[in-house]
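> Pasting the sequence and the predicted model now:
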Amino acid sequence: MDKQLQPVTQPRPQDWQQELARARQQLMEAEAELAQEQAAINAFRMHCRLHLDALVDELLALQLEKQACLTRLELLRQAHDLGVPLDDDFWETVEMAARETAVPDPDDLILPTDTPRDKAAEKRIYRELARKFHPDLANTAVEQAYRTMMMTAVNAAYTAGDVQALYDLAGELDPGELAELTGITNITLRKLREQILNARRRRRRAQQRLQALRGENTARLYYKAQALDEGSEDWWTLVRRELEEAIARRRQDVATLQAQLALVKNIGDDNTTNGK
């Protein structure tokens, strides 16, 4: 006598309805947390503009000037060693390149910014997305098509430097979730599962955005201020003093480099004159 096949246990609609309610509640909490911190940090950003903009602009200008001096000094030394004259047009190109490639000094302060760009974070999330969506990991033709579409979007966002798009893609449907939906034949259950997964994706997207927000310079200053009572005048006085001290250090750095530049240039001019 043939053994009877045991029926496959199917989830009950009421179980997934409860799960959907939990997923929606978690989504609301994640989006509320994101909105609350965005509003607080944006308000703090406006205070930074009022209190610190002039000092920040001056410090950034000095940092660029320091970078340009370092670049010019190194190239002058190389040119003098090789006996190559450098004209004014060349220096204009050098200074433009120095401004484009300038990097903060290790001891620079955290400065507020409107459009932060964290290339290390972009590379990190790109690698995570490549592991998640690479077409070679597909088990079915449907999954491969989905992975290919998503990987194309990931590559486009990374090439464009659109970190927000990368974070959004991190919250999209996982290939394993796609396979799960494909295997559900009951229309009612599939619709419930899609709603659950959609709520989870939106929650992941909110969490990714919150993570990105918290890594931004203005946010880091905000949390630092919160630890010291950001409404206190003493905090703003402290930050202004730190900026003024950093500006004084950069001015000294620039003055020292300009003196070195003048010395190297004079030596080069003397060598050129004596060689005639």
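Structure received.
> L52 is in contact with R240, correct?
Yes - between R240 and L52 there is a contact at 6.9 Å, judged by Cβ atoms under 8 Å. To be clear about C-beta, it is placed using only N, CA and C from the backbone, and glycine gets the same treatment.
> Have a look at those two and say which one is more surrounded.
Ranked by neighbour count (other Cβ atoms under 10 Å), R240 and L52 place L52 first, with 18 against 13.
> Tell me which other helices or strands the longest helix anywhere in the chain touches.
Looking across the chain with DSSP state H, the single longest helix is helix 13-82. Under the contact definition 3 or more Cβ pairs under 8 Å, 6 or more residues apart in numbering; DSSP states H and E, helix 13-82 sits against helix 88-101, helix 187-215, helix 217-227, helix 233-275.
> where does this structure dip in pLDDT?
Applying pLDDT under 70 to the chain flags residues 1-10, 79-109, 113-121, 229-233, 267-276.
> mind giving me the domain split of it?
Listed by automatic domain parsing, the domain ranges of the chain are 37-99+230-276, 117-215.
> and A219, what does it touch?
Applying Cβ atoms under 8 Å, 6 or more residues apart in numbering to A219 gives the contacts 37, 41, 213.
> Roughly how far does the first one sit from L228?
In other words, E37. Counting by Cβ to Cβ, to the nearest Å, the gap from E37 to L228 is 18 Å.
> What of I125?
Look at I125 and L228: by Cβ to Cβ, they are 31 Å apart.
> what's the answer for T71, then?
Per Cβ to Cβ, T71 is found 38 Å from L228.
> One more: D168?
D168 is 34 Å from L228, by Cβ to Cβ.
> list the contacts for the nearest residue to R251 once chain neighbours are set aside?
Closest residue to R251 apart from its sequence neighbours, by Cβ to Cβ, 6 or more residues apart in numbering: L62 at 6.3 Å. By Cβ under 8 Å, 6+ apart, the residues touching L62 are 247, 250-251, 253-254.
> any chance of those residues in JSON lines, with neighbour count too?
Shown next, in JSON lines, are these (neighbours: other Cβ atoms under 10 Å):
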{"residue": "I247", "neighbour count": "17"}
{"residue": "R250", "neighbour count": "21"}
{"residue": "R251", "neighbour count": "15"}
{"residue": "D253", "neighbour count": "17"}
{"residue": "V254", "neighbour count": "19"}
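> hmm, back to that, and among the domains of the chain, the most buried is which?
Mean neighbour count, computed with mean count of other Cβ atoms under 10 Å, is highest for domain 117-215 among the domains of the chain, reaching a mean of 16.
> quick one on the thing from earlier: quick check: angle from the longest helix of the chain to helix 217-227?
Angle of helix 13-82 versus helix 217-227, following axes from the mean of the first three to the mean of the last three Cα atoms, to 10 degrees, is 110 degrees.
> quick check: angle from helix 13-82 to helix 233-275?
With the same axes, to 10 degrees as the basis, helix 13-82 and helix 233-275 are set at 30 degrees to each other.
> what angle sits between helix 13-82 and helix 187-215?
Computed by the same axes, to 10 degrees, the angle between helix 13-82 and helix 187-215 is 30 degrees.
> Can we start the residue count at 13 from this point?
With the count now opening at 13, the last piece we talked about shows up as helix 25-94.
> How far away from the center of its chain is helix 25-94?
Centre-to-centre, helix 25-94 and its host chain are 7 Å apart (Cα atoms, centre = their mean, to the nearest Å).
> Pull stretch 170-190 out as PDB, backbone CA atoms only.
C-alpha atoms of stretch 170-190 as PDB (Å, rounded to 0.1, in the frame of the first residue of the first chain):
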ATOM      1  CA  TYR A 170      28.100  54.400  -9.000                       C
ATOM      2  CA  THR A 171      29.500  55.900 -12.200                       C
ATOM      3  CA  ALA A 172      27.400  59.100 -11.700                       C
ATOM      4  CA  GLY A 173      28.500  59.300  -8.100                       C
ATOM      5  CA  ASP A 174      24.800  59.200  -7.000                       C
ATOM      6  CA  VAL A 175      25.200  57.900  -3.500                       C
ATOM      7  CA  GLN A 176      21.500  58.400  -2.700                       C
ATOM      8  CA  ALA A 177      20.500  56.200  -5.600                       C
ATOM      9  CA  LEU A 178      22.900  53.500  -4.300                       C
ATOM     10  CA  TYR A 179      21.300  53.600  -0.900                       C
ATOM     11  CA  ASP A 180      17.900  53.400  -2.500                       C
ATOM     12  CA  LEU A 181      19.000  50.400  -4.600                       C
ATOM     13  CA  ALA A 182      20.200  48.700  -1.400                       C
ATOM     14  CA  GLY A 183      16.500  48.700  -0.200                       C
ATOM     15  CA  GLU A 184      15.200  47.100  -3.400                       C
ATOM     16  CA  LEU A 185      13.800  43.500  -3.600                       C
ATOM     17  CA  ASP A 186      16.400  40.900  -2.800                       C
ATOM     18  CA  PRO A 187      16.800  38.200  -5.500                       C
ATOM     19  CA  GLY A 188      15.900  35.600  -2.900                       C
ATOM     20  CA  GLU A 189      12.600  37.400  -2.200                       C
ATOM     21  CA  LEU A 190      11.900  37.500  -5.900                       C
END
